[in-house]
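K.L.:
got a structure for you, letters missing:
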Ligand code: TXA
Ligand code: MG
């Protein structure tokens, strides 16, 4: 298939480029577009044969549902039923933005889009290109992250080219995404909402608005075997193997000094074994680290989030044997960063 690539101005998208993309979506095609979180692989959410293509191209299991992207709260009426007061409050507060709400589904949404579930996941993205595209298409756009299943979510058009060139009709290049992690997903269909995926909107901010939220057990214990059996899943996405790098990722937890010492020891050992290693550093650079690459990802969670998936792609593309990462506090965006690190980890060492 011929894949067109269109570079679009992220702060002032050229209308003729957006119209072309919207036309492709309305004709049942696939368009990759940037959002503020990660790039999405979009199709008309109400067109079952278009949605089917998303699953084929990604190699995504049919029971792993897609997020519907809309451009205005009014669009919810046709798609969701019994939207609770709390859900409305969250939508008013945080949309457009990196928050996905799981709500009861209306008849209008085809089964294939929701993986057979009677709920939908929906959000209004804040990125201007995505909003213009959804508005121009005039329909809800179903879009999972624009990676092949098992690879990290793309935060640049070049990542999308690696995975999907020749498999989609159009890739919109809008530069690097602002947040770099996927949206936060909350199930709003139970009296106490449940966090299904930590993401670009910190849990603390959501709790400030609606109070109590429980955290799904697969987030607290992402590696537990019983979770892999597929029983008791709220979000079907949880039961599938998450991205894990080709390299072995070792996550080191504990008090700061001990963690630093352990990392130095591990990096030395890797060198002796002639393994290629990458250390992911936060806070200030510690020049004791002797890994082949010491990658300073930033002091603050925003910077770390923005760069994490890029590191994952880098190590996959450069035959790195081992990644050593240090624990971060599970607060603010740190909860989402640690979630992705824990799922990617081969080994978690507590010191
Ligand atoms: O930031 C994002 O959310 C990006 C951009 C493109 O919007 N999209 C994204 O989609 O990350 P995806 O498909 O990679 O992840 C969606 C997650 C999956 O874990 C899926 O299982 C879950 O949301 N999900 C979708 N519909 C659901 C539903 N009805 N109930 C529970 N979980 C649902
Ligand atoms: Mg994904």
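P.N.:
Nice, thanks for sending it over. Bear in mind the structure is a predicted one, so any value in this text is a computation, not a measurement. Residues are numbered from 1 along each chain as shown. Ligands and ions are numbered 1, 2, ... in the order given.
K.L.:
can you give me the helices in the stretch 101-250 of the chain?
P.N.:
Using DSSP state H, counting those that start in this stretch, the helices of the stretch 101-250 of the chain run over residues 128-137, 157-164, 203-210, 217-220, 225-228.
K.L.:
Turn the ones you listed into TSV, including mean neighbour count.
P.N.:
The C-beta positions use only the backbone N, C-alpha and C, and glycine is treated the same way. Output for those, formatted as TSV (neighbours: other CB atoms under 10 Å):
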stretch	mean neighbour count
helix 128-137	22
helix 157-164	20
helix 203-210	15
helix 217-220	18
helix 225-228	12
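K.L.:
what would these look like in CSV with mean pLDDT and distance to residue 326?
P.N.:
Output for the helices of the stretch 101-250 of the chain, formatted as CSV (pLDDT from 0 to 100; distance: least, CB to CB, whole Å):
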stretch, mean pLDDT, distance to residue 326
helix 128-137, 98, 34
helix 157-164, 98, 25
helix 203-210, 98, 22
helix 217-220, 90, 20
helix 225-228, 43, 25
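K.L.:
right, and these - which one's nearest ligand 1?
P.N.:
Checking the helices of the stretch 101-250 of the chain against ligand 1 by CB to the nearest ligand atom gives helix 128-137 as the closest, at 8.0 Å.
K.L.:
Show me the contact partners of the closest one.
P.N.:
With contacts defined as CB atoms under 8 Å, 6 or more residues apart in numbering, helix 128-137 is touched by 8, 10-13, 15, 18-19, 21-22, 25-26, 31, 33-36, 40, 42, 44, 69-71, 96, 124-125, 140-141, 172, 174.
K.L.:
Out of the helices of the stretch 101-250 of the chain, which gets nearest to residue 52?
P.N.:
Among the helices of the stretch 101-250 of the chain, the nearest to residue 52 by CB to CB is helix 157-164 (16.0 Å).
K.L.:
List phi and psi for the residue lying farthest from the centre of the chain.
P.N.:
Ranked by distance from the centre of the chain (CA atoms, centre = their mean), the top residue is residue 272, with 36.0 Å. Residue 272 has phi and psi values of phi -60, psi -40 when expressed as degrees, to the nearest 10.
K.L.:
contacting residues for it?
P.N.:
No contacts exist for residue 272 under CB under 8 Å, 6+ apart.
K.L.:
and it, how far is that from ligand 1?
P.N.:
Distance, residue 272 to ligand 1, using CB to the nearest ligand atom, to the nearest Å: 39 Å.
K.L.:
Check that residue and give its pLDDT.
P.N.:
Residue 272 is assigned 91 on the pLDDT scale.
K.L.:
in the stretch 251-351 of the chain, which spans are strands?
P.N.:
Using DSSP state E, counting those that start in this stretch, the strands found in the stretch 251-351 of the chain span residues 277-281, 293-296, 322-326, 347-350.
K.L.:
Export the ones you listed as a markdown table, with columns for mean neighbour count.
P.N.:
Converted to a markdown table, those look like this (neighbours: other CB under 10 Å):
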| stretch | mean neighbour count |
| --- | --- |
| strand 277-281 | 24 |
| strand 293-296 | 17 |
| strand 322-326 | 24 |
| strand 347-350 | 13 |
